[in-house]
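Peer 1: structure for the following, please:
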Amino acid sequence: MAQQAPETKQPGDSNPRLTRWHAQPSGGQYFAAVVGATFVVLGLIGFAVTGGQDWTGGDDPTRSVASVGVNPLLNLIHLVLGVAGLAAYLKAGTARLYGLLLLVVGGALFAYGLLVSPGSSADLLHTSDPGTVLHAATAVVGLLIALLPTGANRADSGKGER
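Peer 2: Numbering: from 1, shown residues only. This is a model prediction of the structure:
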């Protein structure tokens, strides 16, 4: 039976399980991973619906996922945001940056949805009212991820209360 190496306590750590090398992921990291996985699935389903053709088209009501209009360009944006979210799980600081990315991109897509008429020649992302609402929700989720405590700001970090 192999012996496990003893856990080392770092100066200032009140919890010996939380060491420099074995820190638990923050809530923002978990949230970023869940949101990222959701975006990856949404992007893949979107590509299954659109078939990857007519990258900026969007007048066809059958090209939607859960009543939200999609096209390959929007699916690509979803995939990029999804992969970034999965990668953001690796570091708490990266998760915070991912939250800011979601805030900016979600806010921009929300504003775009408000300004562009669905079906117009300027509608490159197949905007729809449900999509515009979801983009606003994405911005709010991004803000939440960005504001969640990380590292020394976490109550379980051993460096004090939040």
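Peer 1: CA only for contacts and neighbour counts going forward, please
Peer 2: Will do.
Peer 1: quick one: the strands in this structure, in order.
Peer 2: Counting by DSSP state E, the chain has strands at residues 64-65, 68-69.
Peer 1: reformat the ones you listed as CSV; add distance to V49 and mean pLDDT.
Peer 2: Compiled in CSV, the strands of the chain are given as follows (distance: least, CA to CA, whole Å; pLDDT from 0 to 100):
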stretch, distance to V49, mean pLDDT
strand 64-65, 7, 71
strand 68-69, 10, 74
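Peer 1: quick one: the helices in this protein?
Peer 2: For the chain, the helices defined by DSSP state H cover 27-50, 72-88, 92-115, 129-147.
Peer 1: those: which one's closest to A66?
Peer 2: Nearest of the helices of the chain to A66, taken as CA to CA: helix 129-147 at 9.0 Å.
Peer 1: quick one on the thing from earlier: in a markdown table, list the helices of the chain along with mean pLDDT, distance to A66 and mean neighbour count.
Peer 2: Converted to a markdown table, the helices of the chain look like this (pLDDT from 0 to 100; distance: least, CA to CA, whole Å; neighbours: other CA atoms under 10 Å):
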| stretch | mean pLDDT | distance to A66 | mean neighbour count |
| --- | --- | --- | --- |
| helix 27-50 | 91 | 10 | 21 |
| helix 72-88 | 92 | 14 | 22 |
| helix 92-115 | 93 | 17 | 21 |
| helix 129-147 | 91 | 9 | 20 |
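Peer 1: right, and those helices - which one's nearest V65?
Peer 2: It's helix 27-50; of the helices of the chain, that one is closest to V65 (CA to CA) at 6.6 Å.
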